[in-house]
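**Q** Predicted model and sequence below, questions to follow.
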Amino acid sequence: MTDAERFTSIYDAHHRQVYGYAVTRAGREHADDVVADTFLVAWRRVREIPATPLPWLLGVARNVARERFRDEVRQGAIAAELRTWIREAEDDVAEHVTDRAAVLHALSGLSEDDRELLTLTAWHGLSARDAARVVGCSTATFFVRLHRARKRLQEAMTATPRTDRRARTALTEEYS
């Protein structure tokens with residue numbers, strides 16, 4: 001397989017996940033730039049990309065987002081995105097929307113680090129081992145941080161008037 005074919009294969013397989021991660025790190029308005037820069041790095045280093053490229057790509061996206069945007073801009077963009085998701089909810093799925101809004105509201109009150117730990121595993125579907133690689137720590141450290149983040153989310157959701165058990169479980173359930 002040529003470098004171009006490998007890059008195309010990686011891009012096709014992981015673009016959506018990298019974009020979703022970029023939205024959670026930099027907000028929707030900056031996500032395209034983060035994704036473009038991430039895949040530019042991937043193209044330049046295509047021979048260095050491991051056999052399981054997603055954690056590597058998300059690690060690059062994390063670094064790109066960190067380099068491009070300061071904490072205030074990122075926090076503001078993420079909070080605005082969360083508010084937008086809540087407002088875009090449709091009335092015909094009110095129960096689901098209420099649950100989603102409660103989860104997003106609880107998430108918006110957490111630190112950026114806690115949100116990242118929770119979304120890497122629950123929304124982006126990474127294993128703890130792969131998510132640990134993205135954030136740059138050991139798997140054991142990741143489990144401790146994730147446990148604490150889940151605890152803080154659980155506390156925030158308990159303070160929220162109504163949250164469906166299914167919505168709560170996706171982010172607060174411990175790994176087996």
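**A** Thanks, I have it.

**Q** C-alpha from now on. contacts and neighbour counts both.
**A** Will do.

**Q** which helix is the longest one in the protein?
**A** Selection of the longest helix in the chain by residue count, based on DSSP state H, yields helix 3-26.

**Q** Who are the packing partners of it?
**A** helix 28-44, helix 53-68, helix 71-87, helix 112-122 (3 or more Cα pairs under 8 Å, 6 or more residues apart in numbering; DSSP states H and E).

**Q** If we use 7 Å, what do you get?
**A** Helix 3-26 sits against helix 28-44, helix 53-68, helix 71-87, with contacts defined as 3 or more Cα pairs under 7 Å, 6 or more residues apart in numbering; DSSP states H and E.

**Q** OK, contacts around R28?
**A** Residues near R28 by Cα atoms under 7 Å, 6 or more residues apart in numbering: E81.

**Q** If I look at it, what pLDDT would I see?
**A** As predicted, R28 sits at a pLDDT of 90.

**Q** Not counting the longest helix of the chain itself, show me its contacts.
**A** By Cα under 7 Å, 6+ apart, helix 3-26 touches 31, 34-35, 43, 46, 54, 58, 61, 65, 74, 77-78, 124.

**Q** Next up, the contacts around L54.
**A** H14.

**Q** Tell me the spacing between it and A102.
**A** As judged by Cα to Cα, to the nearest Å, L54 and A102 stand 29 Å apart.

**Q** quick one: secondary structure of G125?
**A** Following DSSP: H, G, I helix; E, B strand; the rest coil, we place G125 in the coil state.

**Q** what about it, how many neighbours?
**A** G125 has 13 neighbours, counted by other Cα atoms under 10 Å.
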